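Student: sequence? don't have it. structure:
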């Protein structure tokens, strides 16, 4: 199934079911108005939504309309939890190598994760509002899941079963705010502005054979100012699968329905070619590009995003069809 | 006004209005079912609730019943944001002094704050479920506010106006999990289990003259296993007032209605007496007691909480009346 949340002037929007090819949609209002409702009562509501989804795909839905991603809020416009892992260790290795730091051995067995703000999640086409270009605005292209209830202490395999939906994420970061904030020791608050999500959230079965034990074996595309900068494989290099990330979060507390857990920046290892490393799959955030430049040339040359810059994040299935629709955002200044 | 959320088997419970003396309550169902609804639409709904509150206080409410704190969920059983400051610098000074570390100068102008999980907030009388006593379970007695909408970049004074409600908090912490987790640099995830809140959330006017520019000038009482261990003054030593904490959080993003912002452990400076320091007001968390012991005797002697331990957190008005009702929790093991 594929779900989106349409703007209706309210804080939570209106749930729509979207066809597999993203061409048409229909309000689900006779079943549920909000995606959180569906997550709260999945076993009862999802079969009814499945029926509507099948009718929509078969062209039998009675009130279908053309699907328009610009009308989308985040699938969950506000959520009770957003926790973001850093499951692609290559991302950590790159950034640390560039500043001459080691990756602690424990990072390969104990996931990095931060708790993010979830009161103001952004739609796929919402502008990225930034007070100053000096803050070092960066995109981070990621995959995320939305869970059902996960009891405290659940094992990774059991946590996998609690995955209800997947989305794409732009985990917007303020690179020049991060160092001083992390030095204080309490994690990110000001350095992570509002996070944006793909137009559509999809059930794992939509991924078919590309969904293998909590990993999405497909390419995540990042296009910055119209230039394809990242074609990163989200599958094999994900050190911790989503079941492991959820279990990490649930170690000392219950994780409740509607929690969003992110993968961290999707990142692939470079290939050694003569004396230089070649990162042919590109990058899913500018910080990585700058780390690559630092490793190769001693210093970064690519600047962070400026006002007017655009970022497009998308993932296609093996049939070439967009799975989640595209995140398409533009950086804008604060309007007075 | 005073609000509570009564258990009804649902995830969000039922909103009740509670009388000033906490003796009686009435369902607000003809006005709103959930506290989040009220926060989403405060200007429209709060005058209606005020009328019901006045009727209740005057003994004129038609369907009043005896108020029972054990029937309470957290006022917001799940919230879209929980961000906890560390506004009492003495707490930071104590803990750092005990381990021989300095407090950076910037901590006196730039608040410490962490983003917490808000999907599973606990009622005042809920047990504290802990997988192992070895995790070093500690209470932290705090004050918190719930906000309306706060636009990105709001100044502290404007942020003050967005405070809708206040609560007491038990910010449960796993002391022996914290060092390794903070060393990873991304803040708290596993070391902060589910947070608990007072039975009742109150509007700032309920504090009368004790509410001065974003600070609560009253004593926060902590009673551990029946022994009063903390009688800490929440007012003058709060380095950052709640408007400053909210503005810190809103620096780079919008803060939306229903966000909970905590004060951090309420903590008072000791008084130098001959060669020893005397902390006559006690402590609002065991980590502070252990820091005091370390400073005085070279090592801590008080152990963290064990199964069966109880903690009671309460605040009384100048008339001696309990303002929020009491948090009363017992530490229990995970039931298989």
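Tutor: Yep, that arrived. Quantities reported herein were computed from a predicted structural model and do not represent experimental measurements.

Student: Next secondary structure after the host helix or strand of residue A:142?
Tutor: Following DSSP states H and E, the helix or strand that holds residue A:142 is strand A:141-147. Following strand A:141-147 in sequence order, the next helix or strand is helix A:156-161 (DSSP H and E).

Student: Quickly list what the spatially most central residue of chain A is bridged to.
Tutor: By CA atoms, centre = their mean, chain A has its centre lying nearest to residue A:169, at 2.3 Å. Applying DSSP bridges to residue A:169 yields these beta-bridge partners: residue A:142, residue A:197.

Student: Could you pull up the residues touching it?
Tutor: A:84, A:140-144, A:195-198, A:262, A:313, A:327 (CB atoms under 8 Å, 6 or more residues apart in numbering or on different chains). To be clear about C-beta, it is placed using only N, CA and C from the backbone, and glycine gets the same treatment.

Student: Of those residues, keep whichever come out buried.
Tutor: Among those, those classed as buried by 16 or more other CB atoms under 10 Å in any protein chain shown are A:84, A:140-144, A:195-198, A:262, A:313, A:327.

Student: ok, which stretches of the stretch 151-300 of chain A are helices?
Tutor: Assigned by DSSP state H, counting those that start in this stretch, the stretch 151-300 of chain A shows helices spanning A:156-161, A:178-183, A:242-249, A:286-297.

Student: Buried deepest among the ones you listed, which one?
Tutor: Each of the helices of the stretch 151-300 of chain A was given a mean neighbour count from mean count of other CB atoms under 10 Å in any protein chain shown, and the largest, a mean of 25, is that of helix A:242-249.

Student: Please name the nearest non-neighbouring residue to residue A:48.
Tutor: residue A:31 (4.7 Å; CB to CB, 6 or more residues apart in numbering or on different chains).

Student: got it, and residue A:293?
Tutor: Nearest residue to residue A:293, sequence neighbours excluded (CB to CB, 6+ apart): residue A:300, at 4.7 Å.

Student: how near is that neighbour to chain B?
Tutor: As judged by CB to the nearest CB, to the nearest Å, residue A:300 and chain B stand 21 Å apart.

Student: Excluding chain neighbours, give the residue nearest to residue A:75 in space.
Tutor: Excluding the flanking residues, the one nearest residue A:75 by CB to CB, 6+ apart is residue A:201, at 3.8 Å.

Student: Show me what that neighbour is bridged to.
Tutor: Going by DSSP bridges, residue A:201 forms beta bridges with residue A:3.

Student: Quick check: it touching residue A:2?
Tutor: Yes. Using CB atoms under 8 Å, residue A:201 is in contact with residue A:2, at 7.3 Å.

Student: what residues are up against the one residue in the stretch 51-200 of chain A that gets nearest to chain B?
Tutor: Among the residues of the stretch 51-200 of chain A, residue A:187 lies closest to chain B, at 2.0 Å counting by CB to the nearest CB. Neighbouring residues of residue A:187 by CB under 8 Å, 6+ apart: A:114, A:115, A:181, B:114, B:115, B:185, B:186, B:187, B:188.

Student: Do you know the pLDDT at it?
Tutor: In this prediction, residue A:187 carries a pLDDT score of 94.

Student: And it, its phi and psi?
Tutor: phi 90, psi -170 (degrees, to the nearest 10).

Student: ok so, going back, can I get the contacts of residue A:169 in TSV with distance to residue A:159?
Tutor: Converted to TSV, these look like this (distance: CB to CB, whole Å):
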residue	distance to residue A:159
A:84	16
A:140	23
A:141	24
A:142	18
A:143	16
A:144	14
A:195	22
A:196	25
A:197	21
A:198	22
A:262	15
A:313	25
A:327	26
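
Student: What residues does the closest residue to residue A:122 other than its chain neighbours make contact with?
Tutor: Excluding the flanking residues, the one nearest residue A:122 by CB to CB, 6+ apart is residue A:196, at 4.0 Å. Neighbouring residues of residue A:196 by CB under 8 Å, 6+ apart: A:74, A:121, A:122, A:123, A:124, A:126, A:128, A:169, A:170, A:172, A:327, A:329.

Student: Likewise for residue A:323?
Tutor: Contact analysis of residue A:323 by CB under 8 Å, 6+ apart lists A:200, A:202, A:206, A:207, A:218, A:315, A:316, A:317.

Student: give me that answer again for 10 Å
Tutor: By CB atoms under 10 Å, 6 or more residues apart in numbering or on different chains, the contact list for residue A:323 reads A:2, A:20, A:22, A:166, A:168, A:198, A:200, A:202, A:206-207, A:210, A:216, A:218, A:314-317.

Student: Just the ones of the residues you listed in strands?
Tutor: A:2, A:166, A:168, A:202, A:216, A:314, A:315 (DSSP state E).

Student: end-to-end on stretch A:77-88?
Tutor: 26 Å (CA to CA, to the nearest Å).

Student: that's a helix at residue A:107, yeah?
Tutor: Yes. Assessed with DSSP: H, G, I helix; E, B strand; the rest coil, residue A:107 lies in a helix.

Student: my guess is it contacts residue B:184, does it?
Tutor: Yes. Counting by CB atoms under 10 Å, residue A:107 does reach residue B:184; the two are 7.7 Å apart.

Student: Quickly list what's touching both of those two.
Tutor: Residues within reach of residue A:107 and of residue B:184 at once, by CB under 10 Å, 6+ apart, are residue A:86.

Student: about what we covered before: inside strands: which ones of the contacts of residue A:196?
Tutor: Using DSSP E, those in strands are A:128, A:169, A:170, A:327, A:329.

Student: rewinding a little: wait, doesn't the residue nearest to residue A:48 sit right on residue A:3?
Tutor: No. Assessed by CB under 10 Å, residue A:31 is found out of contact with residue A:3, at 11.2 Å.

Student: The two: who's more crowded?
Tutor: residue A:3 (26 against 18; other CB atoms under 10 Å in any protein chain shown).

Student: Please enumerate the strands of the stretch 1-150 of chain A.
Tutor: A:2-6, A:14-18, A:24-27, A:65-66, A:72-73, A:82-85, A:113-116, A:128-130, A:137-138, A:141-147 (DSSP state E, counting those that start in this stretch).
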